[in-house]
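In: Here's a sequence, model it:
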Amino acid sequence: QVQLVESGGGLVQPGGSLRLSCAASGFTFTSYAMSWYRQAPGKGRELVAAITSSGGTTKYASSVKGRFTISRYNAKNTMYLQMNNLEPEDTAVYYCNAGFSVPIYAYWGQGTQVTVSS
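Out: Below you'll find the predicted structure:
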């Protein structure tokens, strides 16, 4: 079955960096676009960044453009999110899923907590 395992979150000061990873299994990873989502306390889940199956096209939410970089390593069925110049507003649980604009799978992993605070 589909498994999505997010990791790499933590507590970081404003201006700091983190690199998130998403390990995928149970589907043909190389055939699917992939995306990062986040959910802040009391808010809905929002799309943060997406990448096509080949990695040739990416898109970002306006709030993270220029600070976050999405990438993928198809040989290892893994996707990444490099987050630089983090802001307190980036505090959220980050999730991954297949798809470029809407999540394909109803299944969500446990997510990884990112907390940006001084």
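In: On the strand side of things, show who the nearest residue to residue 104 once chain neighbours are set aside bridges to.
Out: Distances taken as Cβ to Cβ, 6 or more residues apart in numbering place residue 98 nearest to residue 104, at 4.1 Å, with adjacent residues excluded. Just so you know, the C-beta spots here come from the backbone N, C-alpha and C atoms, and that holds for glycine as well. On the basis of DSSP bridges, residue 98 is bridged to residue 34.
In: show me the contacts for the residue positioned nearest the centre of the chain.
Out: Residue closest to the mean C-alpha point of the chain, counted by Cα atoms, centre = their mean, is residue 36 at 2.8 Å. Applying Cβ atoms under 8 Å, 6 or more residues apart in numbering to residue 36 gives the contacts 20, 22, 47-50, 70, 79, 81, 94-96.
In: measure residue 82 to residue 67 for me?
Out: From residue 82 across to residue 67, the span is 9 Å (Cβ to Cβ, to the nearest Å).
In: did I read that right, residue 30 in a strand?
Out: No - using DSSP: H, G, I helix; E, B strand; the rest coil, the assignment for residue 30 is helix, not a strand.
In: Next, the contact list for it, please.
Out: 53, 74.
In: where's it relative to residue 39, distance?
Out: On the measure of Cβ to Cβ, residue 30 and residue 39 end up 27 Å apart.
In: Strands along the protein, start to end?
Out: 3-7, 10-12, 18-25, 34-39, 45-51, 58-60, 68-73, 78-83, 92-98, 112-116 (DSSP state E).
In: and of these, who's closest to residue 106?
Out: Proximity to residue 106, assessed across those by Cβ to Cβ, is greatest for strand 92-98 (9.4 Å).
In: roughly how far is the closest one from the heart of the chain?
Out: Taking Cα atoms, centre = their mean, to the nearest Å, the mean C-alpha location of strand 92-98 is offset from the chain mean by 5 Å.
In: hang on, the earlier thing: save the strands of the chain as JSON lines, and put in mean pLDDT and distance to residue 104 too.
Out: Formatted as JSON lines, these follow (pLDDT from 0 to 100; distance: least, Cβ to Cβ, whole Å):
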{"stretch": "strand 3-7", "mean pLDDT": "97", "distance to residue 104": "11"}
{"stretch": "strand 10-12", "mean pLDDT": "98", "distance to residue 104": "28"}
{"stretch": "strand 18-25", "mean pLDDT": "98", "distance to residue 104": "11"}
{"stretch": "strand 34-39", "mean pLDDT": "98", "distance to residue 104": "9"}
{"stretch": "strand 45-51", "mean pLDDT": "97", "distance to residue 104": "11"}
{"stretch": "strand 58-60", "mean pLDDT": "98", "distance to residue 104": "16"}
{"stretch": "strand 68-73", "mean pLDDT": "98", "distance to residue 104": "15"}
{"stretch": "strand 78-83", "mean pLDDT": "98", "distance to residue 104": "14"}
{"stretch": "strand 92-98", "mean pLDDT": "98", "distance to residue 104": "4"}
{"stretch": "strand 112-116", "mean pLDDT": "98", "distance to residue 104": "20"}
